[in-house]
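K.L.:
When you get a sec, could you give me coordinates for this:
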Amino acid sequence: MEAALLVAVSLLSGQEAYVRAGGVVLSPQVGAVLLAGIALAWRGRNLAVAAVPAVLVAAVLGTVLPLLVVLYSCAKRGRLVVAAVCAVAAMGGNLLQPQHSLWGTRVYGPLLLLVAVVALGMWAGGHRRLVASLAAQVDQLRVERELRAEQARLTERGRVAAELHDSLAHSLSVLALHTGALQRHSAELPPQVADRIDLLRATSTEALRDLRDVLAGLRSPDGGGVPEPRRMRDLEALFAEARAAGQPVAAEVSGDAAELPFSHRLAIYRLVQEALTNARKHAPGSAVRVRVRHGPPESTVDVENDVGAPVERDSPSGYGLVGLAERVDALHGTLEHGPSGTGGWRLSARIPAPAHSSGAA
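P.N.:
Modelled structure (predicted):
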């Protein structure tokens, strides 16, 4: 559009100069007008390069189109003083050229066209500044909306942390306190009961520490998420705990877990932990087979248990698997679970490992 306007101004001005030169194409008048039209292309970078030829051809030759373009550009940018100087210089210089006068008698007067072009340029400049201002306001509103949303998330995190603390921390503390009291009388109890009390004490204390880590992450003002626990037990410790509770577990673990990111290792740990817990809860006494292979290119977890003794469920189940599905999906993996076909239950997960992963990531 810009190029078409400059070409039209140059051709119309050149045609006017051609007529005034007596039909001579290669005349100084035509060359000067075409030069002024070409110089208009530089008005955005250097206004003087375009303004000087436009004022000269208007004052000497009476060709006003390049001058109109310059006046419009000046008014659009808010440079009204420059526009006034160009108009006064052109009209004043043209007084000395009666044969190409811009002061000829017109119905609308000699200056109305110049004033109209300046007014149009002022309107265009104002419209452009208005659009820029509205765009800046939209950006500011977007930033404010994001800040309000972030503040709402932080507030909700604090509320969730408070609710978790009120509902769980006290109960876990009481459980750890009473199991500790029972430990002091373990010498008077059968060895099997004493071992279960030790396991219950260790589990409740570990759960309380994990809960405090989660609450600290929820309450962190920077929203950095849940921090890495002080330590994370490996799978062998998890298997040993399950066997100590009387659960037959056959485990096969391969690959180097230390090369994987912490979130990756934690997901594998939680998958195995949830599968063993569900097997103890819903099929007590059943044998469990666990196969874990650490990536890359992907880590796989397969847990299958046999048919166990029937139990009565006193509360709804399945929420642990929902949480695991969300965790695995966040790592771009897949989780499948359901009947194994032999009467038992099977859980299978595939988690892609990063190309360049490290345990310190």
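K.L.:
For the stretch 101-250 of the chain, which residues score under the pLDDT cut-off?
P.N.:
101-111, 156-157, 160-161, 163-167, 170, 213-233 (pLDDT under 70).
K.L.:
what are the ranges of the helices in it?
P.N.:
112-164, 170-183, 191-219, 235-244 (DSSP state H, counting those that start in this stretch).
K.L.:
May I see the buried residues of the second one?
P.N.:
Residues of helix 170-183 classed as buried: Leu172, Leu175, Ala176, Thr179, Leu182 (neighbour count, 16 or more other Cβ atoms under 10 Å). For glycine as for every other residue, the C-beta is placed from the backbone atoms N, C-alpha and C.
K.L.:
Quick check: of the residues you listed, which lies closest to Pro354?
P.N.:
Leu172 (34.6 Å; Cβ to Cβ).
K.L.:
circling back to that earlier point, got the helices of the stretch 101-250 of the chain as CSV, with distance to Ala36 columns?
P.N.:
Output for the helices of the stretch 101-250 of the chain, formatted as CSV (distance: least, Cβ to Cβ, whole Å):
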stretch, distance to Ala36
helix 112-164, 16
helix 170-183, 87
helix 191-219, 70
helix 235-244, 83
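K.L.:
circling back: ok, of the buried residues of helix 170-183, which one's closest to Leu35?
P.N.:
Among these, Leu172 lies closest to Leu35 (Cβ to Cβ), at 88.1 Å.
K.L.:
Of all the helices of the stretch 101-250 of the chain, which one is nearest Val85?
P.N.:
That would be helix 112-164 among the helices of the stretch 101-250 of the chain, by Cβ to Cβ, at 12.2 Å.
K.L.:
Going by contacts, tell me the helices and strands next to that closest one.
P.N.:
Packing partners of helix 112-164 (3 or more Cβ pairs under 8 Å, 6 or more residues apart in numbering; DSSP states H and E): helix 65-76, helix 80-94, helix 191-219.
K.L.:
Taking helix 80-94 as reference, get the angle to the first one.
P.N.:
Relative orientation of helix 65-76 with respect to helix 80-94: 160 degrees, computed using axes from the mean of the first three to the mean of the last three Cα atoms, to 10 degrees.
K.L.:
Show me what helix 65-76 is in contact with.
P.N.:
For helix 65-76, the surrounding residues in contact (Cβ atoms under 8 Å, 6 or more residues apart in numbering) are 5-6, 9, 12-13, 16, 33, 36-37, 39-40, 43-44, 47, 50-51, 53-55, 57-58, 80, 82-83, 86-87, 90, 113-114, 117-122, 124-125, 128.
K.L.:
so Arg350 is in which element?
P.N.:
For Arg350, the element it lies in under DSSP states H and E is strand 345-352.
K.L.:
quick revisit: how about a markdown table for the buried residues of helix 170-183, with distance to Asp195 added?
P.N.:
Below are the buried residues of helix 170-183 laid out as a markdown table (distance: Cβ to Cβ, whole Å):
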| residue | distance to Asp195 |
| --- | --- |
| Leu172 | 21 |
| Leu175 | 17 |
| Ala176 | 17 |
| Thr179 | 12 |
| Leu182 | 12 |
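K.L.:
Which of those sits closest to Pro191?
P.N.:
For the buried residues of helix 170-183, the nearest to Pro191 is Leu182 (14.0 Å; Cβ to Cβ).
K.L.:
Show the buried residues in the contacts of helix 65-76.
P.N.:
With burial judged by 16+ other Cβ under 10 Å, the buried subset of those is 6, 9, 13, 16, 33, 36-37, 39-40, 43, 47, 50-51, 53-55, 57-58, 82-83, 86-87, 90, 113-114, 117-118, 121-122, 125.
K.L.:
roughly how far apart are Ala162 and Ala169?
P.N.:
Distance, Ala162 to Ala169, using Cβ to Cβ, to the nearest Å: 10 Å.
K.L.:
again, but for Arg209
P.N.:
Per Cβ to Cβ, Arg209 is found 11 Å from Ala169.
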